[in-house]
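In: predicted model and sequence below, questions to follow.
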Amino acid sequence: MNRLTNPFEFEAATKLSPQDIVEYYCDDFNFSRFVRSTRNVFFEGERGVGKTMTLKYFSLPIEALKPKCDLAICCIYISCQTPLNYRREDELLNEYRAAAVSEHHFAIQIMQSIISEMARAENLFRSIESEAFIESLENWIGVEIPRSANSVWQNIEMALQVVSRNAERSINTSELEPFYKIAMSFANGVIPLLKGLKALPELAGSHFSLMIDDAHMLSPRQTLLLNSWVSYRDNTLFSFKVASTKSGRFNRRTASGGGILEGHDFVKVDMLRPHQNKNSDFGKLAEKIVSKRLIKAGIRNTTPLEFFPEHPSVLRELKTCENEVRQEAIKMYGEDDKKTIGDHVYKHTRARFFQNRKPQANLPVYAGFETISRLSTGVVRALLEPCYRMFDAAVSESDGDTPESIAPTVQDKIIKGMSQSKWNWIKEELPRVVECTTEEATQVLNIFEQLATLFQHRLKNHKSEPRATVFIITGSSESQKKLKRLFEISHEAQLLFSYSGPAKENSKRVRHYVPNRMLWPVRGLDVYDRHAKVSISAEELVRVANGGKITLKEPNKNQLDLFGEENCES
Amino acid sequence: MRVLITTASWEDRFVLGCKKLVEGSDISSAIVFYYQEYERQTLEARKTLGSYSANIDMEFVSLSFNDTAASWKAANSTLEKVSSNSSILLDISTMPRELIWQVLSTVDHFSDVKIVYHQPESYGEWQSKEPGRPRVVYHLGGISKLGAPTCMLISAGYDLERVIQLMLHYEPVRTVLCVQSGDAYKNEESRLEYARICKEMTGFDIQRVEINAFATDSGLADMRTALASLEPDSHNILLCSLGPKSASVALYLLHRQFEHTSLVYAPSNSFNIDYSQGLSKTIVFPLSKREGL
């Protein structure tokens, strides 16, 4: 079908028009207050969590489209996904030359991005055509700006292009002398440009927020440079907002051998929102995103929950389970202890639904908006993809008519198909898509297979927290080191997500690991996991990675907490 | 003075191909690159080569897949010594594409450069696996057009997952996949697979074109047409070769013509010891006649 008619198209934010970004973006105050601040902020999150969309939404050209355009914080979007950043000639040079070449590429790119963003918001600025402004800017950046019939911004871009082209020609031929004469740096290029722009009355009181996207694509040297700039600490004129994937986590060292400290030099924001009940941050955001998409496609008078309904038979069975569990709780705790009864019902109703299923029964039906939302594991792109496929399938089934809702059977078919594909992908394609050896790919598969086995066993047998599918790692640091590479691969492949969460003791924080929930439907697991976490020793996971079977403990009736795990409500 | 430039391999076609060239032409010296990671596997072949080319001034140059900068420098210092009056026989059969491009960029102003490709009798079940992180080749990154979107032109082979990996890595706004035409080997199967991924990779704008990398111009004319569709004046274009080796020569020539293009190498971390068997025919073609520029 025509992709434009599918409201759940999940184009990368870089490919959306400014108008589409305004229409699709769902403001999340948790992030916007960080973007529009004068502090240095590092945003971390895997592909598809919405990093680019968030940065783009606050960028100057989009700000110019908003009814209440506010230039107190002037946000400049700077992508690191550019051919200039892919260049690696610095690796062939001595330290001094390498640093100069790396900084030049990075600085000229930032300058070009600033000018390009200004050009796309040119309706905001009135006095740019004045000769005084152009001359002043020339003095600031030390580059002659042509006076052609083009706009001032186009002329400045042209001047920067000439500098960059001449520098690249020099680098391509290894004749670096011409390069040194024109090389740009942060101190002699970017800062003077920002100061020069402050001559515009509209920007006189502005703070520049330089938003570096896809920073994991920077070379190691450029990462050191960026950290050095972050360490300036004087955030009067500018600050950095740096977005990168967690798997491409980069170091915090600076070019001078120092380091930058979280809380001191920068604030770190984890963009993965792991808990996804409908009242959680991500649950609400998911609903907003899908509502907006439906409205934009002209599908009105419906909510995401109505558009993606649950299967009636599942709802009936859940109701039966709820009654059954409630009666048990009343027997155990007495009728008056309403809170304990409520907790027990919440914990065990869905688990009972899965426990009551006969071993030979088919997999349950997976449908409903909340199921889809949870399957995304907090990744916006993973929320839109099943919606896209479901919409496509529904349109095909209805001979091209816009559906009023997506039948639960259609949803179920798509979800199980995607779930199976995810397992097939690990088995067959992982070493081809993520940089890893075949042996490492097999170890990753072994871990996820055995985690599925563990969670299935818990779902059927565990007395306290049967629905836990989040885990933490304990055990020796040596074993944890052995797992590190496998976890990096899993993160990069988006099979595993992680976030820092509370530990049971001492108000410490520990890393919580959340497997991609799309793996669970074909394993018959509940995707409505609880906030509980399973504690697994690193030694056990190393053994499992190498082909061992995970240890499954039989339930002990006298003990609620059976598997050595912690249960933590957060 | 005729200089053979080749890369040592354990494949039959390396020793058999070199023998054929040595017996059939007046080679006076040879530069034989070999990779430390496969030093043991290529030892026998290198010894054999030395034994039947006693009258040839032979230089074995050690490179490493794990140290690309040191390898580039080692290859460069060797190639710089070759006189531009020399006739070059560049055997690309077992040479990694990154090295092919480095050699071509050093010798392409020489008056006599011939490219040699030895076809094997058959291929193993698989050729390479475990792709590494793609990278732009040193000094062949072209001239970036600041702020312009990035497109890709990929000469695609049978391994479609490497194509997917490339696109996910660079996130191009548009991609042209050049797939091999004709009925040979697994062509039909791979064309169907590519048709499938073009449909499934939502969010990517992919155009599929058929080329014949074994035509007299190595598919250059078709690839140039494909490149034009990516509007090279307003985009940065990454050129990547995963398909037939001869297409990598055509991509080099395209890069030389269009300054906003960069040559990208997609490495593999593992090669099949049974990569190919035997030696079938040998194709030799002059670099200049293939240009068509």
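Out: Happy to help now that I have it.

In: now do the longest strand along chain B: everything it contacts.
Out: For chain B, the strand with the greatest residue count under DSSP state E is strand B:27-35. Contact with strand B:27-35 is made by B:1-8, B:18, B:21, B:42, B:46, B:49, B:53, B:56-65, B:75, B:78-79, B:82, B:89, B:95, B:99, as judged by CB atoms under 8 Å, 6 or more residues apart in numbering or on different chains. All C-beta atoms are positioned from the backbone trio N, CA, C, and that covers glycine.

In: what's the answer for stretch B:162-169, then?
Out: With CB under 8 Å, 6+ apart, stretch B:162-169 has contacts from A:432-433, B:131, B:133-134, B:152, B:154, B:156, B:175, B:177, B:194, B:197, B:201, B:204, B:206, B:240, B:242, B:264, B:266.

In: narrow these to those in helices?
Out: A:Arg432, A:Val433, B:Tyr194, B:Ile197 (DSSP state H).

In: state which helix of chain A is the longest.
Out: Max-length helix for chain A by DSSP H is helix A:95-120.

In: check which residues of it are buried.
Out: A:97-120 (16 or more other CB atoms under 10 Å in any protein chain shown).

In: now for the next helix or strand after it, which elements pack on it?
Out: Sequence order places helix A:131-141 as the next helix or strand after helix A:95-120, per DSSP states H and E. Judged by 3 or more CB pairs under 8 Å, 6 or more residues apart in numbering or on different chains; DSSP states H and E, the packing partners of helix A:131-141 are helix A:152-172, helix A:191-197.

In: between the longest one and helix A:95-120, how many degrees?
Out: In terms of direction (axes from the mean of the first three to the mean of the last three CA atoms, to 10 degrees), helix A:152-172 departs from helix A:95-120 by 160 degrees.

In: what residue spans form the domains of the chain?
Out: No chain was given, so I picked chain A. A:23-270, A:430-570 (automatic domain parsing).

In: that's the wrong chain, I meant chain B
Out: According to automatic domain parsing, the domains of chain B span B:2-123+B:274-288, B:133-266.

In: which among these is found nearest to A:Tyr513?
Out: domain B:133-266 (23.0 Å; CB to CB).

In: returning to what we had before: mean pLDDT lowest where, among the domains of chain A?
Out: With a mean of 83, domain A:430-570 has the lowest mean pLDDT of the domains of chain A.

In: centre of the chain to that domain, how far?
Out: Distance, stretch centre to chain centre, for domain A:430-570: 21 Å (CA atoms, centre = their mean, to the nearest Å).

In: briefly note if it comes near chain B.
Out: Yes: Domain A:430-570 is in contact with chain B by CB under 8 Å from any CB of the partner chain, via A:Pro431, A:Arg432, A:Val433, A:Glu435, A:Cys436, A:Thr437, A:Thr438.

In: which residue ranges of the stretch 201-350 of chain A form strands?
Out: Applying DSSP state E, counting those that start in this stretch to the stretch 201-350 of chain A gives strands spanning A:207-213, A:238-244, A:267-270.

In: relative to chain B, which of those strands is closest?
Out: strand A:207-213 (11.1 Å; CB to the nearest CB).

In: excluding chain neighbours, what is closest to the residue in the stretch 251-400 of chain A that chain B sits nearest to?
Out: As assessed by CB to the nearest CB, chain B sits closest to A:Tyr388 within the stretch 251-400 of chain A, at 6.7 Å. The shortest distance from A:Tyr388 to any non-neighbouring residue, by CB to CB, 6 or more residues apart in numbering or on different chains, is to A:Phe8 (3.9 Å).

In: roughly how far apart are the one you found and A:Ile406?
Out: Separation of A:Phe8 from A:Ile406 (CB to CB, to the nearest Å): 10 Å.

In: what residues are shared contacts of these two?
Out: Common neighbours of A:Phe8 and A:Ile406 (CB under 8 Å, 6+ apart) are A:Phe391.

In: neighbour count for the two, which is higher?
Out: A:Ile406 (23 against 20; other CB atoms under 10 Å in any protein chain shown).

In: wait, the more buried one sits on A:Leu305?
Out: No: counting by CB atoms under 8 Å, A:Ile406 stays clear of A:Leu305, with 11.7 Å between them.

In: and residue 149, its phi and psi?
Out: No chain was given, so I picked chain A. Main-chain dihedrals, A:Ala149, degrees, to the nearest 10: phi -70, psi -10.

In: switch to chain B, please.
Out: phi -70, psi 160.
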